[in-house]
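> Model the following, please.
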Amino acid sequence: MMQALIAPAVLATLIGLWLAWLKRRERAEDRALTVRAEIQSAVNRALEGESLLAVQVEPASSFHRGRVVLSTPTGYEWLVHEAWNPVIDHAPKDYEVVLRHPA
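Predicted coordinates for the structure are as follows:
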């Protein structure tokens with residue numbers, strides 16, 4: 001009798017944990033999208049329009065902090081200097097800001 005109850009309980013627990021992990025991941029991705037929108041808007045205002053400065057935001061996970069990645073084509077690095085203050089002002093404190101140099 002007890003064995004018939006243990007298997008469904010273990011299965012229900014595993015499914016519950018998986019769903020909780022998915023929900024947590026979804027919230028992290030939603031936050032990353034919100035952060036990206038805020039930073040992109042601030043960068044566009046600072047540079048007075050769209051530019052070649054790419055803003056990517058990677059959501060935080062259990063293994064690493066969230067990350068704001070800025071990159072430009074070679075020769076346009078000055079865009080990062082122009083937009084640095086708005087990026088830092090809008091980046092959450094628990095996110096790191098990374099500059100990616102073009103290869």
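> buried stuff in stretch 94-103?
Across stretch 94-103, burial judged by 16 or more other C-beta atoms under 10 Å covers residue 95. Bear in mind the C-beta positions are built from the backbone N, C-alpha and C, glycine included.
> what's it in contact with?
35, 57, 60, 65-74, 80, 87-88, 91 (C-beta atoms under 8 Å, 6 or more residues apart in numbering).
> Just the ones of the residues you listed in helices?
35, 80, 87-88 (DSSP state H).
> From these, which shows the smallest pLDDT?
Least confident by pLDDT among those: that is residue 80, with 92.
> these two touch, right, that one and residue 68?
No: applying C-beta atoms under 8 Å, one finds residue 80 not in contact with residue 68, separated by 11.7 Å.
> higher neighbour count, the two?
More crowded of residue 80 and residue 68, by other C-beta atoms under 10 Å: residue 68, with 22 against 16.
> For the more buried one, which residues are in contact?
By C-beta under 8 Å, 6+ apart, the contact list for residue 68 reads 35-36, 39, 55-57, 87, 91, 95-98.
> Filter those down to the ones in strands?
Counting by DSSP state E, the contacts of residue 68 place 55-57, 95-98 in strands.
> Pick the one among those closest to residue 18.
Each of the ones in strands among the contacts of residue 68 was checked against residue 18 using C-beta to C-beta; the closest is residue 57, at 25.2 Å.
> Tell me the confidence at that closest one?
So, for residue 57, pLDDT stands at 96.
> And for residue 9?
Per-residue pLDDT puts residue 9 at 89.
> likewise the one 3 residues further on?
Per-residue pLDDT puts residue 12 at 92.
> Quick one: list the elements packing against the strand or helix carrying it.
Assessed by DSSP states H and E, residue 12 sits inside helix 2-46. Judged by 3 or more C-beta pairs under 8 Å, 6 or more residues apart in numbering; DSSP states H and E, the packing partners of helix 2-46 are strand 54-58, strand 66-71, helix 78-90.
> If anything else comes up later, I'll come back, but that's it for now.
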